[in-house]
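A.B. asks: I'd like to go over a predicted model; first the sequence, then the structure.
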Amino acid sequence: MTTPGKPAQEPAEEPAAGLTCPNCGQPVWPDDNFCEACSTELAPAVNSGDSSEPATRQCPNCGGSAITPEGYCESCGYKVPAANNHVELELDLVAGVTDKGLRHSRNEDAMALATTQSSAGPVALAVVCDGVSTSSHPDEASQAASQAAVQVLLAAVRGGADLGAASARAVKAAQKALADLASSAKLLANAPSATFVSAVVTGTQVTVCWLGDSRAYWVDADGPAASRQLTIDDSIAAELVARGLSEAEAMALPQAHVVTGWIGADAGDAEPHVTVFAPDGPGAVLLCSDGLWNYQPDVAGLAEMALPDAMDDPLRAAATLVKFAIEAGGSDNVTVVFIPFPPGTRTRLGDTSVIATTDLGDPR
Amino acid sequence: MSQTDFTVEIFQNEYLPSGGREVNAIVTVTAPDDLAAAGAAGGMSDSGGRAEAIIIDCSGSMDYPHAKIVQARAATQAALDVVRDGVAFAVIAGTEVARPVFPVDGSLAIASPQTRQAAKQVVANLRPGGGTAMGSWLRLARQMLTSGSAGLRHAILLTDGKNEHESPESLTAAISECDGVFSCDCRGVGTDWQVAELRRISTGLLGTVDIVADPSGLTADFEAMMATAMSKAVADVALRVWTPQTAEIEFVKQVAPTVDDLTGRRTQSGPQAGDYPTGAWSNGESRDYHVCVLVNSAAIGQEMLASRVSLVVGGQVHGQGLVRAVWTDDEALSTRINTNVAHYTGQAELAQAIQDGLEARKQGDEDIATAKLGRAVALAQESGNEDTAKLLAKVVDVVDAATGTVRLKKKVDDADEMALDTRSTKTVRTKK
């Protein structure tokens, strides 16, 4: 399918200066999704779990250089930090930060980000999953689920499909990824499971889909008062609030955090929730795991910290909120993604920066 | 699913509280279904074959009652029938000295219908007369078992009395000379022998110990022991435990099928690894070990490899299990006790309580004996160790098993007390 505005087979109009396919070297256009010469995907989704290797081959505790295949130091036994302990991802239109936090031994959150082009202009999309700690392999679960879902969303945007229906299909794909993980690892007794939240942001609307207690917020450029929460948690607390309890009362209960909806081989027929809205002005969509909102559930408080970076420098806004959650206690893994609205005009291609860093000097 | 190599499974609660140092894990080791086939690839073959020695006490007391020597001869003959063709074997008569009775030149015979028949005739003519010096018996067994090229070497030792004609030091020296050369199952017939003495030999030489109070039970027991020996397919298997620098091993114990503390039997096999002897294994055999390690504590959220457990056969490493430590401030995680660790901690305490209780009873300290044996009754009940509970009930009157309330019996049969003592280390496994 030819995208409007794209010069089709007209040698008079040169591709933007210097843009070439990283695989075959042929010229490409800024709004190409695939290289016309070799079919390489030009703007693939990126995932915080992409590198499963330990971040270093040297033990940060004792300096030993022999690291076992499982990532332990052969001298002092310390687990060498995994690459996904702290990951920052930035694409042109969307950015996110995920961190292990201070109290957990590994990062069981994952995020997948992508940008692409539709007939109506640039589109940014993101998926955040939070692996359920009591299930098997929660870190692999969140990574596999987010990756499967973002691929479905990316294909839907490129193909011009209905984004609400596509979001539900993305959840199904995430479910299947977890079922495959469960059967490959023979884990049906304690099926890998995770929460799910996705957002697709086009030039005119925002499509949010979720299952569990990872959240989406609208952060309005006009300030905290115009911002709002877009999701309602699938949790005991949210159900009690729906029945009339105050949020503070509900969250104080010991079972408040028990999720009542999730994705996974044992999730049964849990149906995802989809909401679509058309913002009437600029702002940004915030996706996060409960590692953030445990410390600040109120959208006004979040917006106050995130503005104005949320629109101009989403990576900085995400880093600000992750830092806030860690300084507030860091009791859980924390993941924050910002997608500015409307998505900017994509002028640079191949400017995908993926920054994976691990704070080796950090005592955590 | 058929297994082609040793498997090592770890059962533990890896979570430790802040400052926690003690890491406990139960390690289940299972041998492959076909050790010979697995061995071809991994150095587990015992091309030298196997050698068996049967050591029969021929001291004068074996004639009182006469049934002892009669049944000992019959049991030895029955065991010889279980020795497979081609296996090297020897029979030794033990008194204050050891004498090779078959073959008489002190070498090994090769089992065949003819050699078995010849050996059985010699055994039929064994006559009691003389003393008891078990160290000399072990030394002759060592000499005969190593006269061939067999890799799997095993002995059965039968006695009816105390080691009266040599010093305890001489026996100790003999045990250490034989350690690693052959394994030895020990049996005491009647009630005039000492449990502690035979246990010293059986634990030192990685074998079993038991009482056969009634001589008529010897034949079945000898047949079973020889059949087990014939099933062993690989010798000299060691449990290798790697630990982090600065970590200390608290203990390494076999906990199933019996409790056997291996801690003191460590041989350093690398800067951070030690090998513990486990003897010979049969195809598909499974045993449990309890490993307890003290590590340096680390920050909340840090994970550490607390030990790595594998098997070593013929210099090659087989299987691997990882014991982990993760520090957490979540008390719900760190206070959880792994059911396997709890179960075997209880079984080891049960064995110790019985041995302490019986010792106190011998010393005439009835209060301690009652407390210890009461505790043993409660532990046996709690863990479902019915065999041990039955043996305990012959030594104490149980008032309330759950609380361990007992009274010492006024009259206890010597055989019952010795059976409880020798079998105190037998454990039951958990349902996993």
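C.D. replies: Arrived safely, thanks for sending.
A.B. asks: which parts of chain A are helices?
C.D. replies: A:138-159, A:163-184, A:236-242, A:247-252, A:290-293, A:299-306, A:309-312, A:314-327 (DSSP state H).
A.B. asks: ranking the ones you listed by burial, who's on top?
C.D. replies: By mean neighbour count, with neighbours taken as mean count of other Cβ atoms under 10 Å in any protein chain shown, helix A:290-293 ranks first of the helices of chain A at a mean of 26. All C-beta spots, glycine's among them, are computed from the backbone N, C-alpha and C.
A.B. asks: what helices and strands are in contact with that one?
C.D. replies: On a contact count with 3 or more Cβ pairs under 8 Å, 6 or more residues apart in numbering or on different chains; DSSP states H and E, helix A:290-293 meets helix A:314-327, strand A:334-341.
A.B. asks: and for the closest residue to chain B within the stretch 101-250 of chain A, the neighbour number?
C.D. replies: Residue of the stretch 101-250 of chain A nearest chain B, by Cβ to the nearest Cβ: A:S105 (4.5 Å). Residues lying near A:S105 (other Cβ atoms under 10 Å in any protein chain shown) number 22.
A.B. asks: dump the helices of chain A to a markdown table, plus distance to B:A224 and mean pLDDT.
C.D. replies: Below are these laid out as a markdown table (distance: least, Cβ to Cβ, whole Å; pLDDT from 0 to 100):
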| stretch | distance to B:A224 | mean pLDDT |
| --- | --- | --- |
| helix A:138-159 | 48 | 92 |
| helix A:163-184 | 44 | 90 |
| helix A:236-242 | 59 | 87 |
| helix A:247-252 | 65 | 83 |
| helix A:290-293 | 61 | 95 |
| helix A:299-306 | 73 | 95 |
| helix A:309-312 | 78 | 91 |
| helix A:314-327 | 64 | 95 |
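A.B. asks: need the residues of the stretch 101-250 of chain A near chain B, please.
C.D. replies: Selection of the stretch 101-250 of chain A residues close to chain B by Cβ under 8 Å from any Cβ of the partner chain yields A:101-106.
A.B. asks: out of those, what pair is the most spread apart?
C.D. replies: A:L102 and A:R106 (12.7 Å; Cβ to Cβ).
A.B. asks: grab the nearest non-local neighbour of the closest residue to chain A within the stretch 101-250 of chain B.
C.D. replies: Residue of the stretch 101-250 of chain B nearest chain A, by Cβ to the nearest Cβ: B:P244 (3.2 Å). Nearest non-adjacent residue to B:P244, counting by Cβ to Cβ, 6 or more residues apart in numbering or on different chains: A:G77, 3.2 Å away.
A.B. asks: run a quick check on that neighbour versus B:A298, I expect a contact.
C.D. replies: No - the pair A:G77 / B:A298 is not scored as a contact, 9.1 Å apart, by Cβ atoms under 8 Å.
A.B. asks: can you pull the residues that touch both of the two?
C.D. replies: Here A:G77 and B:A298 have B:304, B:325 as joint contacts, going by Cβ atoms under 8 Å, 6 or more residues apart in numbering or on different chains.
A.B. asks: and those two? Which one has more around it.
C.D. replies: Between A:G77 and B:A298, A:G77 has the larger neighbour count (other Cβ under 10 Å), namely 32 against 23.
A.B. asks: can you name the residue of chain A nearest to chain B?
C.D. replies: Closest point on chain A to chain B, by Cβ to the nearest Cβ, is A:G77, at 3.2 Å.
A.B. asks: got a list of what B:A353 touches?
C.D. replies: Counting by Cβ under 8 Å, 6+ apart, B:A353 has contacts B:372-373, B:375-376, B:379.
A.B. asks: neighbour-wise, which of the residues you listed leads?
C.D. replies: For the contacts of B:A353, counting by other Cβ under 10 Å, the largest number of neighbours falls to B:A376: 31 neighbours.
A.B. asks: pLDDT for the residues of the stretch 101-250 of chain A next to chain B - can I get that in TSV?
C.D. replies: As requested, these are exported to TSV (pLDDT from 0 to 100):
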residue	pLDDT
A:G101	92
A:L102	89
A:R103	85
A:H104	87
A:S105	82
A:R106	86
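A.B. asks: relative to A:T335, which of those residues is nearest.
C.D. replies: Nearest to A:T335 among these is A:G101, at 10.0 Å by Cβ to Cβ.
A.B. asks: before we move on, the earlier item: wait, the residue of the stretch 101-250 of chain A closest to chain B sits on B:I300?
C.D. replies: No - counting by Cβ under 8 Å, A:S105 stays clear of B:I300, with 9.0 Å between them.
A.B. asks: so what's the residue count around the closest residue in space to A:V150 that isn't next to it in sequence?
C.D. replies: Nearest residue to A:V150 in three dimensions, chain neighbours excluded: A:A112, at 3.8 Å (Cβ to Cβ, 6+ apart). As a burial measure, A:A112 scores 30 neighbours (other Cβ under 10 Å).
A.B. asks: what bridges to A:A112?
C.D. replies: A:N47, A:V127 (DSSP bridges).
A.B. asks: for it, give me its contacts.
C.D. replies: If you count contacts by Cβ under 8 Å, 6+ apart, A:A112 has them with A:45-48, A:126-127, A:146-147, A:149-150.
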